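A.B. asks: A structural model of the following input is requested.
(4 chains)
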There are 4 protein chains.
Amino acid sequence: MNVVVWNENRHEKTNAKVAEIYPTGIHGAIADFLNEEEVNVKTATLEETEHGLTEEILNETDVLLWWGHVAHHEVQDEIVEKVQQRVLEGMGLIVLHSGHFSKIFKQLMGTTCDLKWREAGEKERLWAVDPTHPIAEGLGEYIELEQEEMYGEHFDIPTPDELVFVSWFEGGEVFRSGATFKRGKGKIFYFRPGHETYPTYYNKDVQRVIKNAVKWVNNQNTPTHVYGNTKPLENISEK
Amino acid sequence: MNVVVWNENRHEKTNAKVAEIYPTGIHGAIADFLNEEEVNVKTATLEETEHGLTEEILNETDVLLWWGHVAHHEVQDEIVEKVQQRVLEGMGLIVLHSGHFSKIFKQLMGTTCDLKWREAGEKERLWAVDPTHPIAEGLGEYIELEQEEMYGEHFDIPTPDELVFVSWFEGGEVFRSGATFKRGKGKIFYFRPGHETYPTYYNKDVQRVIKNAVKWVNNQNTPTHVYGNTKPLENISEK
Amino acid sequence: MNVVVWNENRHEKTNAKVAEIYPTGIHGAIADFLNEEEVNVKTATLEETEHGLTEEILNETDVLLWWGHVAHHEVQDEIVEKVQQRVLEGMGLIVLHSGHFSKIFKQLMGTTCDLKWREAGEKERLWAVDPTHPIAEGLGEYIELEQEEMYGEHFDIPTPDELVFVSWFEGGEVFRSGATFKRGKGKIFYFRPGHETYPTYYNKDVQRVIKNAVKWVNNQNTPTHVYGNTKPLENISEK
Amino acid sequence: MNVVVWNENRHEKTNAKVAEIYPTGIHGAIADFLNEEEVNVKTATLEETEHGLTEEILNETDVLLWWGHVAHHEVQDEIVEKVQQRVLEGMGLIVLHSGHFSKIFKQLMGTTCDLKWREAGEKERLWAVDPTHPIAEGLGEYIELEQEEMYGEHFDIPTPDELVFVSWFEGGEVFRSGATFKRGKGKIFYFRPGHETYPTYYNKDVQRVIKNAVKWVNNQNTPTHVYGNTKPLENISEK
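C.D. replies: Next up, the predicted model:
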C-alpha cells in the first residue's frame, strides 16, 4: 500500500513553536508513525512542483492524507481536480483538522465545511460512538487531549456515512470529530484533532486512529462500473 | 411558498415531438400541476437574462425545480454558485431526470453523477421502498411508466440520506430513482423519470411525487448557525 | 391528529418533589402544551386498564409519546406487542428520556439501549446538528438546560436515521440526544431530556421540539405494502 | 477467526432435489468454500443439542452464518437470546436468504422483515450499488443467477447502514439484496440469494460475497463501553 502524507508545511517555517514541536514538519511526524505499519510512506508538500502530487505519484497512491491551513488558496485548482478524480477512482483520503477548509474537501462535500473555532488550549475528549468501527480498533471509550484548538458545531458537512467520534470541549461545544464519507469508489475519513501548536500527532491514540484509518480507506479491488449508453440485457417488448 | 420551475427549454424548440407533448414546455407542464397546490409558481429558462435566476428571484424562492439536458454547459458558473449558495441557506431543490448531470447537482454532490442510459421506450416500475416517507404519500406500492428512458446503476452519487424509490427496467437494470440529500440548510430531492419524448409529467403519480417533494424540501425556519471564531460558553481552566 | 401521552406516573405519587413540579403528572404537563397545537390530546397511564392503551384507543392514535422509568417491567408484554404492531403500521412514536429502557423502545431497536448516567444537577447543552430538520424548527443553535440528569455515550442504539441533537454535559460527556428511526411505516423520535426532578418540560425550547416532533412522526397516507406470495408482473421465460 | 455455519438442515432431509444439490447440506456447501480461506469453520444444525450453539461454542465464535426457512419457530427462544447477546458483544452475523424470517434477525431488526416472494425459477441480477464496499471486492458490476426464488420490495427492515446490492427480477420486482446493519458491537450482513432448490451456493460470485462478508463482519478489538452510573470526568459547579 502506497501512502502519501501531504502538508502545506507553512506554520513549521514561520512559527518557532511549531518548528520545535514538529522539527521534520507535521508530515514528517505522521510519516514516522505510519512507517511502523507495513505500508510505503512518502510525503509531499505545497512548495514542491505540482505540490508533490504529480500524475505519476497520484496514480500509484492508494491513500492520501491531507493537512492544510493558511495556504488552502495556494493549492492549484488543477491539482485539486486530479486529486478529486483519483478519490472517485478509489484512492482513499484522510482529511486532518484544518483540512476541513481545503479545496479538495469542500469540493468532495459540496458544502462550506464551515464550523466554530477557538484557540484557548482547552481540553478535548473524543468519545467513540460507533463501537463496531475498525477505525476505533484498539481504543478505549474516549481519547483525551489535554490541550487542543476547539472546533464546534454546526459543522457544515453532508450527513456522514458513519459517525465514529464526537468531541466534548471544555468551553461548552461538541463536534462530530471522526466521520466517514463515500465518493465514487473512494473512501474518505475526516479526523478533527491536530492543531499545529500542540503535540497531538505524538498522542498514541491519535496515531492509532490514523493508522486504522489508512487501512480502512484503502480500497483494493471493488467493482469498476461502466457508464454511458448501454445495450439491454433483456429483451424489450415492442410497443 | 414561492416555487420556481427552471427548464433549459431546448428540446421543446428543436424537436417537434417534444413540442407536441409539451406545448408550453416541460416547465409549463410542471407549473400547471403545481398550480393546483397552494403555492406561488413561476418558471425560468436558460435563455432569459441570468437564466431567469436573478439574485432578487433566487432570494425569494423557497423551492427550485431543475430540468436540463443538452445545455448544462451553457449555464453560467456564477449563477450555479448563487443557486448553490441559496440551497446551503435553505432553499429546497428538486433535480429532475437528466438534471443529474447539471452543474448544480454535481457541485452539491461532489461526484460525477454518471450513470448508464438507454433510449428504448421500455417499461419502468418505480417501487416505493420507504413506506414512511412524505414524498410517497398518496401512492400505491409502485409507479408504472409504460415507456421511459432507462437510467441504470451504478449511479455515481454519495450515499443518499434517504432512498425513496428504486426502479426496475424492462431491459434488466435497476436504479435509485428517488433519493434525498441534505446540504447546509437545504433539502434536495432527485427524481429520475421525465424524458422529454414521453408524457411522463402528465402521469398523476409522477405529479403526486413532485407535489409532495415541493412540500418536503421546503424549509421554514430551522436553526441558523453562526460560524467562525467564538468565545467559550464555559470557563476554561488555566493550564 | 390524535395524540396520546403515556406516562408510568409513579414518581409523581411517591416523590413529593416530583409531585410539586408536575402536579398533574409529567403526562399532564406535556398534554397541556400539546393542547396549544391543533391536535386532540389524551393521556394514558400504567395503572389504567391495559395501561390505558386498549386496542380501540391504539387504533385511533396517530402519535404516542412514552415516558417511563422505574416500572418498565410492569408494562405487559402483550400491550408492548400491540404498540409495536401499531408503530409498524404507521403510528408515530416519541420516546422521552428514561423511556430509552422501555420494552417498546428496546424491542423496536434490537439493542440494549443502555447508556451512562448520573444525577448531579449538571448543565446540559443540546446542539442542533441537523439544520434542515423540521424537529428543530424555531430553535436557536442550541437548547440550554441549567440542571438535568446526565446521559452519556455510548448510547447502545442502532445508527439513527437522522441525528438532530448532540448534548454537551458539564461533567465531560456527550450524547446523541435527538435521533430519528424508521420501523415499518412508523416514524420514531427519541428525545433525551426530561428527568422527573427538574422542570424540563416547562422549558419552551423543549416544548417546541416535542410539538415539532409530534407533527414530524405523524404519518398520513404513505404506501401500504402487500407481503407474501405474489404473481409476476412480467412474463417469465421458460428455462 | 472462528466461523460457524448454522443451518436448520430440514429441506435436505425431506426433499430429494435439495439433497441432490446439497448432499452435505447447505451448511456443508458453505463450509466447503469458506475452508478455502484462512478461517476455522464449523457447522451447527437445528437438531443438535442447543441447536449446536452452546454457550461455549458461541463464546468462541467470531462470525455466525444463519440459514433457516421452515423451522424458524423450532429455534428455542433462549438460544436466540444468547445469539443476540453475542452479536451485541461483537460477534459478526451473516443472515442468508430465508433467514430474513428467523427469530434472531427479526429480534435484531425490530420489524416484521416481511417481503414479497415467488418460486418461478426466474432470473435474478444483483447490481453492486456501493462501489466502495469490501463485501463487493473482486466482483464485476453485477451477479447474475439464472434461476432463483424472487424476493420483492417492500422488504420490511430498518434503513440499512449500507446498501451493497439491489436485485432485478425477471418478473418485475426489485429488492435490497445486500445490506449491512450495526447492533451493539456487532456487524450484520443480510444477503438475499440461496433458495434450497437451486445451486446458488456453488456460484463463484455468491461465494466471493460470503467470503468477503465473513471478513467484513468480523470485529477484532473495537472499544468496549461501560454502561450505568458514572462519576463526572470534570468538576460540576455548585448551583
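
A.B. asks: Centre-most residue in chain A?
C.D. replies: Of all residues in chain A, the one closest to the mean position by Cα atoms, centre = their mean is residue A:95, 1.6 Å from it.

A.B. asks: Where does that one sit, in terms of helix or strand?
C.D. replies: strand A:92-96 (DSSP states H and E).

A.B. asks: buried set for the helix or strand following that strand?
C.D. replies: Remark: after strand A:92-96, the chain's next helix or strand is helix A:103-109, criterion DSSP H and E. Of all the residues in helix A:103-109, those buried under the rule 16 or more other Cβ atoms under 10 Å in any protein chain shown are A:103, A:104, A:105, A:106, A:107, A:108, A:109. Heads up, the C-betas are built off the backbone N, CA and C, glycines and all.

A.B. asks: got it, and stretch A:92-99?
C.D. replies: By neighbour count with 16+ other Cβ under 10 Å, stretch A:92-99 contains the buried residues A:92, A:93, A:94, A:95, A:96, A:97, A:98, A:99.

A.B. asks: Same list, these, but as a markdown table with distance to chain C and pLDDT please.
C.D. replies: A markdown table is the format used below for those (distance: Cβ to the nearest Cβ, whole Å; pLDDT from 0 to 100):
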| residue | distance to chain C | pLDDT |
| --- | --- | --- |
| A:92 | 22 | 98 |
| A:93 | 22 | 98 |
| A:94 | 22 | 98 |
| A:95 | 19 | 98 |
| A:96 | 21 | 98 |
| A:97 | 19 | 98 |
| A:98 | 20 | 98 |
| A:99 | 20 | 98 |
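
A.B. asks: ok, residue A:45 touching residue A:27?
C.D. replies: Yes - contact criterion Cβ atoms under 8 Å: residue A:45 and residue A:27 qualify, at 6.5 Å.

A.B. asks: what touches both of the two?
C.D. replies: Residues touching both residue A:45 and residue A:27 by Cβ atoms under 8 Å, 6 or more residues apart in numbering or on different chains: A:6, A:7, A:9.

A.B. asks: ok, now which ones touch the residue nearest to the centre of chain A?
C.D. replies: Residue A:95 sits next to A:66, A:102, A:104, A:105, A:188, A:189, A:190, A:191 when contact means Cβ under 8 Å, 6+ apart.

A.B. asks: residues contacting residue A:175?
C.D. replies: By Cβ under 8 Å, 6+ apart, the residues touching residue A:175 are A:115, A:150, A:151, A:152, A:153, A:155, A:166, A:167, A:169, A:192.

A.B. asks: cutoff 7 Å now
C.D. replies: Residues in contact with residue A:175 (Cβ atoms under 7 Å, 6 or more residues apart in numbering or on different chains) are A:151, A:152, A:153, A:155, A:167, A:192.

A.B. asks: Give me the buried entries from the residues you listed.
C.D. replies: A:151, A:152, A:153, A:155, A:167, A:192.

A.B. asks: Is it possible to get CSV of those residues that adds secondary structure?
C.D. replies: Shown next, in CSV, are these (DSSP: H, G, I helix; E, B strand; the rest coil):
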residue, secondary structure
A:151, strand
A:152, strand
A:153, coil
A:155, coil
A:167, strand
A:192, coil
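
A.B. asks: what two of those residues are the furthest from one another?
C.D. replies: Farthest apart among these by Cβ to Cβ are A:153 and A:192. That separation is 11.5 Å.

A.B. asks: Would you mind listing where chain A has pLDDT under the threshold?
C.D. replies: Along chain A, no part satisfies pLDDT under 70.

A.B. asks: top strand in it by residue count?
C.D. replies: strand A:116-128 (DSSP state E).

A.B. asks: in that one, what counts as buried?
C.D. replies: So for strand A:116-128, counting by 16+ other Cβ under 10 Å, buried means A:116, A:117, A:118, A:121, A:122, A:123, A:124, A:125, A:126, A:127, A:128.

A.B. asks: could you list every residue that touches residue A:201?
C.D. replies: A:26, A:29, A:30, A:194.

A.B. asks: Could you list the contact residues of chain A toward chain D?
C.D. replies: Within reach of chain D by Cβ under 7 Å from any Cβ of the partner chain, chain A has these residues: A:128, A:131-133, A:136-141, A:182, A:185-187, A:219-223, A:225-226.

A.B. asks: filter the residues you listed to the buried ones?
C.D. replies: Neighbour counting by 16+ other Cβ under 10 Å classes A:128, A:131-133, A:136-137, A:139, A:141, A:182, A:185-187, A:219, A:222-223, A:225 among those as buried.

A.B. asks: Which members of those additionally contact chain B?
C.D. replies: A:182, A:225.

A.B. asks: Out of the buried ones among the residues of chain A next to chain D, flag the one nearest to residue C:75.
C.D. replies: residue A:131 (28.2 Å).

A.B. asks: Against residue C:166, how distant is the closest one?
C.D. replies: As judged by Cβ to Cβ, to the nearest Å, residue A:131 and residue C:166 stand 17 Å apart.

A.B. asks: strands paired with the helix or strand in which residue A:163 is found, and their directions?
C.D. replies: Assessed by DSSP H and E, residue A:163 sits inside strand A:162-169. Note on strand A:162-169: by DSSP bridges, its sheet partners are strand A:116-128 (antiparallel), strand A:174-183 (antiparallel).

A.B. asks: if we can go back for a sec, in JSON lines: the contacts of residue A:175, plus distance to residue A:54.
C.D. replies: As requested, those are exported to JSON lines (distance: Cβ to Cβ, whole Å):
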{"residue": "A:151", "distance to residue A:54": "32"}
{"residue": "A:152", "distance to residue A:54": "38"}
{"residue": "A:153", "distance to residue A:54": "38"}
{"residue": "A:155", "distance to residue A:54": "32"}
{"residue": "A:167", "distance to residue A:54": "36"}
{"residue": "A:192", "distance to residue A:54": "30"}
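
A.B. asks: Walking through chain A, point out its helices one by one.
C.D. replies: Under the criterion DSSP state H, chain A contains helices at A:11-14, A:16-21, A:25-34, A:55-60, A:77-89, A:103-109, A:204-217.

A.B. asks: Kindly reformat the ones you listed as TSV and extend each row with distance to residue D:146.
C.D. replies: What follows is the helices of chain A, written out as TSV (distance: least, Cβ to Cβ, whole Å):
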stretch	distance to residue D:146
helix A:11-14	61
helix A:16-21	63
helix A:25-34	47
helix A:55-60	39
helix A:77-89	32
helix A:103-109	40
helix A:204-217	36
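
A.B. asks: so residue A:90 sits right up against residue A:183, yeah?
C.D. replies: No - counting by Cβ atoms under 7 Å, residue A:90 stays clear of residue A:183, with 10.2 Å between them.

A.B. asks: on that earlier part again, now for the strands paired with strand A:162-169, which one comes closest to residue A:61?
C.D. replies: Among the strands paired with strand A:162-169, strand A:174-183 sits nearest to residue A:61 (Cβ to Cβ), with 16.0 Å.

A.B. asks: Kindly state the beta-bridge partners for the closest residue to residue A:34 other than its chain neighbours.
C.D. replies: Spatial nearest neighbour of residue A:34, chain neighbours left out: residue A:41 (4.7 Å); criterion: Cβ to Cβ, 6 or more residues apart in numbering or on different chains. Note on residue A:41: beta-bridge partners by DSSP bridges are residue A:3.

A.B. asks: doesn't residue A:35 make contact with residue A:41?
C.D. replies: Yes - taking Cβ under 7 Å as the definition, residue A:41 is a contact partner of residue A:35 at 5.4 Å.

A.B. asks: Neighbour count for those two, which is higher?
C.D. replies: Taking other Cβ atoms under 10 Å in any protein chain shown, residue A:41 and residue A:35 do not tie; residue A:41 has more neighbours (21 against 12).

A.B. asks: What residues does chain A have near chain B?
C.D. replies: By Cβ under 7 Å from any Cβ, the residues of chain A that approach chain B are A:88, A:107-112, A:114-118, A:120-122, A:147, A:152, A:154, A:156, A:158-159, A:161, A:170-172, A:181-184, A:225, A:227-230, A:232-234, A:236-237, A:239.
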